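*Asks:* Pasted the sequence and its predicted model underneath.
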Amino acid sequence: MNAMEDLGFSVRIQARAEFLQHIHGLLGEYLHGLGVEESVIHELILALQEAMTNVVRHAYGDRKGGVGSLTVEAALDGSDVVMRTIDEGVPYDPTTREDPDLSVARTGGYGVFLIRSLTDRVEYVRKDDRNILTMIRKVCPRVVEAD
């Protein structure tokens, strides 16, 4: 996919919960600058939050002392917002996970379901010992006048 050739932003952080809020702000500012509707911005931030939280909680585990890096990228490709998380944790393909049974109450396990519900397409690839999760959502950005 050539969507990421012209990055809106790319940030690499230590995969720790306390650093995730910074990414929310960057994505929100970037999408707001493109004229994406506020409700869609909130949904995309939630999808990215779930993906990043999965990396923090599950990707590294005991490997590397439970700590590793997380790269987050986002760009506009035509009318699609493309967001990516990239980590070097244990291989995990969330696209193979079944949706939870919503008729049975449980604690946790809804993150991948939320990501799928808030985006149009989710893709996963394991490349060069990295998990690359791509989330795509069609948006209708308003034209934003340059100053």
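*Replies:* Perfect, thanks for sending it. Residues are numbered from 1 along each chain as shown.
*Asks:* roughly how far out does stretch 127-144 sit from the chain middle?
*Replies:* When C-alpha coordinates are averaged (C-alpha atoms, centre = their mean, to the nearest Å), stretch 127-144 and its chain have centres 7 Å apart.
*Asks:* Mind checking which residue lies nearest the centre of the protein?
*Replies:* By C-alpha atoms, centre = their mean, the chain has its centre lying nearest to residue 48, at 3.2 Å.
*Asks:* by contact count, what packs against the longest helix seen in the chain?
*Replies:* In the chain, with assignment by DSSP state H, the single longest helix is helix 38-54. In terms of contacts (3 or more C-beta pairs under 8 Å, 6 or more residues apart in numbering; DSSP states H and E), helix 38-54 is packed against helix 20-34, strand 69-77, strand 80-87, helix 111-118, strand 130-138. The way it works is simple: take the backbone N, C-alpha and C, and place the C-beta from them, glycine included.
*Asks:* what residues does that helix touch?
*Replies:* Where contact means C-beta atoms under 8 Å, 6 or more residues apart in numbering, the residues beyond helix 38-54 that reach it are 15, 17, 20, 23-24, 27-28, 31-32, 36, 70, 72, 74, 81, 83, 85, 92, 94, 111-112, 114-115, 118-119, 133, 135, 137, 139.
*Asks:* Please pick the buried ones from the residues you listed.
*Replies:* 15, 20, 23-24, 27-28, 31, 36, 70, 72, 74, 81, 83, 85, 92, 94, 111-112, 115, 118-119, 133, 135, 137, 139 (16 or more other C-beta atoms under 10 Å).
*Asks:* remind me which residues of the protein are low pLDDT?
*Replies:* Applying pLDDT under 70 to the chain flags the ranges 1-7, 61-66, 99-103, 105-110, 141-147.
*Asks:* what's across from residue 133 in the sheet?
*Replies:* Taking DSSP bridges, one obtains residue 85, residue 124 as the residues bridged to residue 133.
*Asks:* so it makes contact with residue 94?
*Replies:* Yes - Residue 133 lies in contact with residue 94 (C-beta atoms under 8 Å); the separation is 6.6 Å.
*Asks:* any idea of the angle the longest helix of the chain forms with strand 69-77?
*Replies:* Going by axes from the mean of the first three to the mean of the last three C-alpha atoms, to 10 degrees, helix 38-54 is angled at 150 degrees with respect to strand 69-77.
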